[in-house]
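In: Let's see this in three dimensions:
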Amino acid sequence: MKIKEERTVLIVKPDGVKRGLVGEIIRRVEQRGLKVIGVKMVQADKKTIDQHLPKSQEWLTAVGNKSLEDYVKNKLDPEKYAGTTDPVKIGKMVREWLFEYWTSGPVVAVAIEGVHAIEMVRKIVGHTLPAKAEMGTIRGDFSVDSAILGNMEKRSVHNIVHASGNPQEAKNEINLWFSKKEIHDYSRAEEDIMF
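Out: From the prediction side, this is the model:
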C-alpha cells in the first residue's frame, strides 16, 4: 500500500464554476499539502453523470429516506411535495434532479494524490449538506443551500463540490473522469520535508 500516493477525485460542480470558486478550491487542496495530478473542465453529459451517480436500490432508498426525514423534521407533507412516501420513488426523483444540476454548466474535475487524500479532501469540502458544514470548509464558507429547500423546489442541493467517499469510489471516478495520459506524476518541491 502506497500511503503517500492515495488518489481521489474532487469535482467543482456547475454552481462552484459559475461563482468563480475553482481557484480557491484548488488553492485549499494544495495548501493542505495534497498534489493535483490532473485537472480539466468539461461539460458533463447525462451518460457520464449516470455512470458517476450511484443507482443501486440501497442508495435510492437511503436518499429517499433522508428526504422523508427532512419532510417530517420540517413538518411538511411528503405526499404534497413529492407526490409519494415511497423512499425509492423519492430517491429516483432526487437522482433526476442531480442529472439536471450536474449538466447545467461546465464542471472542473480534479485528480488529487497524497497522504490520506480521500479523507483530507472530504474534510476540506465539508458535510454534503451545506447547513451542516463547518465554517472553514468549502461548503461551510460558500454555500447556504438546504435539502428541504431543494426538495420543496424539486431540485438538487447546490453544494459546490463533489469528493470521492471511499477508495473504490475514488478509483472508479478517476477512471471515469480521466484518461491515463491526463494523470501526471511529479514531485512537489516540499514533499521531502512534509512527510
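In: Can I get the strand or helix carrying residue 24 as CSV, trimmed to CA atoms?
Out: Using DSSP states H and E, residue 24 sits within helix 22-31. Output in CSV follows, covering the C-alpha atoms of helix 22-31 (Å, rounded to 0.1, in the frame of the first residue of the first chain):
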residue,chain,number,x,y,z
VAL,A,22,-12.3,26.9,-8.9
GLY,A,23,-9.0,28.7,-8.0
GLU,A,24,-10.0,29.0,-4.3
ILE,A,25,-11.0,25.3,-4.1
ILE,A,26,-7.7,24.1,-5.7
ARG,A,27,-5.7,26.5,-3.5
ARG,A,28,-7.2,24.9,-0.4
VAL,A,29,-6.3,21.4,-1.6
GLU,A,30,-2.7,22.4,-2.5
GLN,A,31,-2.3,24.4,0.7
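In: what sits up against that helix?
Out: 10, 12, 16, 36, 39, 108, 110, 112, 121, 124, 138, 160-161 (C-beta atoms under 8 Å, 6 or more residues apart in numbering). No exception for glycine: its C-beta is placed from N, CA and C like everyone else's.
In: cool, and stretch 156-163?
Out: Applying C-beta under 8 Å, 6+ apart, the external contacts of stretch 156-163 come out as 8-13, 15-16, 19, 21, 25, 94, 97-98, 100-102, 118, 121-122, 124-125, 128-130, 138-139, 142-143, 145-147, 149-150.
In: just the buried members of those residues?
Out: 8-13, 15-16, 21, 25, 94, 97-98, 101-102, 118, 121-122, 124-125, 128-130, 138-139, 142-143, 145-147, 150 (16 or more other C-beta atoms under 10 Å).
In: low pLDDT regions in the chain?
Out: By pLDDT under 70, the low-scoring segments of the chain are 1, 194-195.
In: Please enumerate the strands of it.
Out: Assigned by DSSP state E, the chain shows strands spanning 6-12, 35-42, 107-114, 161-163.
In: Please tell me how far the residue nearest the centre of the chain sits from residue 112.
Out: Closest residue to the average C-alpha location of the chain: residue 162 at 1.4 Å, with C-alpha atoms, centre = their mean. In this view, residue 162 and residue 112 are 12 Å apart by C-beta to C-beta, to the nearest Å.
In: got any residues that touch both of those two?
Out: 9, 10.
In: thinking again about what came up before, can you tell me which of the strands of the chain is nearest to residue 77?
Out: Taking C-beta to C-beta, strand 161-163 is the member of the strands of the chain nearest to residue 77, at 30.7 Å.
In: Next, report how far that closest one is displaced from the centre of its chain.
Out: How far strand 161-163 lies from its chain's middle: 2 Å, per C-alpha atoms, centre = their mean, to the nearest Å.
In: start at 29 instead
Out: Done: numbering now begins at 29, and the last item shifts to strand 189-191.
In: Okay, now the sheet partners of that strand, with direction.
Out: As defined by DSSP bridges, the strand partners of strand 189-191 come to strand 34-40 (antiparallel).
In: roughly how far out does the strand it pairs with sit from the chain middle?
Out: That offset, for strand 34-40, works out to 9 Å (C-alpha atoms, centre = their mean).
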